[in-house]
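Asker: what follows is a predicted structure for the sequence shown.
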Amino acid sequence: MSVERTLAIIKPDAIAKGVAGQIVTRIENAGFKILAAKLIRMSHEDAAGFYVVHKARPFYRSLCTFMTQGPCLPMVLEGDNVIQRWRELMGATDPAKAAPGTIRRDFAASIEANAVHGSDSLESAAFEIPYFFASLELCPR
Ligand code: ATP
Ligand code: MG
């Protein structure tokens, strides 16, 4: 076990549905520490830079538009193996394939509007956390 940090986002669809609180409760019940959180509305350029790894994918443009349709809530989570454990709590990208009890199974509408994001590796967390948060905005506990 190693203590890791990951970048989580409650995406615009979940904020609009009013389920952010339920998702934060699941994060707290999992024992993850929330080191930072802020409600922001991304510009198209903000979303394009964040998802640049998907630039060649057919859904890139639509994904960037979706991420700008309303506010989202990026957060930095900390815990043992939090990168993998947060992705397990999220469930599969496509909610139709997500396991019962996962966030995407319970709250996501489609493979695009899928409620939450999570870094997929130490390397992506190292890019994604400072994309949204300065080091002084993290509150270690
Ligand atoms: P995330 O990176 O948001 O945590 P993920 O790692 O499960 O999700 P990725 O393959 O990284 O999935 O895709 C990034 C995001 O792009 C997905 O969460 C979803 O919003 C969108 N997406 C992925 N595949 C598709 C698709 N086939 N059609 C439309 N949107 C998609
Ligand atoms: Mg991903």
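Answerer: The structure has been received and is ready for your questions. Residues are numbered from 1 along each chain as shown. Ligands and ions are numbered 1, 2, ... in the order given.
Asker: from residue 123, how far off is residue 71?
Answerer: Residue 71 sits at a distance of 27 Å from residue 123 (criterion: Cβ to Cβ, to the nearest Å). The way it works is simple: take the backbone N, C-alpha and C, and place the C-beta from them, glycine included.
Asker: tell me where the protein has strands.
Answerer: 3-10, 33-37, 73-80, 116-118 (DSSP state E).
Asker: check what pLDDT residue 51 gets.
Answerer: Looking at residue 51, its pLDDT stands at 98.
Asker: these two touch, right, it and residue 67?
Answerer: Yes - counting by Cβ atoms under 8 Å, residue 67 is a contact partner of residue 51 at 7.4 Å.
Asker: those two: who's more crowded?
Answerer: Taking other Cβ atoms under 10 Å, residue 51 and residue 67 do not tie; residue 67 has more neighbours (25 against 16).
Asker: contact partners for the nearest residue to the more buried one once chain neighbours are set aside?
Answerer: Nearest non-adjacent residue to residue 67, counting by Cβ to Cβ, 6 or more residues apart in numbering: residue 47, 4.1 Å away. Applying Cβ atoms under 8 Å, 6 or more residues apart in numbering, we find residue 47 in contact with 63-65, 67-68.
Asker: tell me how far residue 47 lies from ligand 1.
Answerer: Residue 47 is 11 Å from ligand 1, where distance means Cβ to the nearest ligand atom, to the nearest Å.
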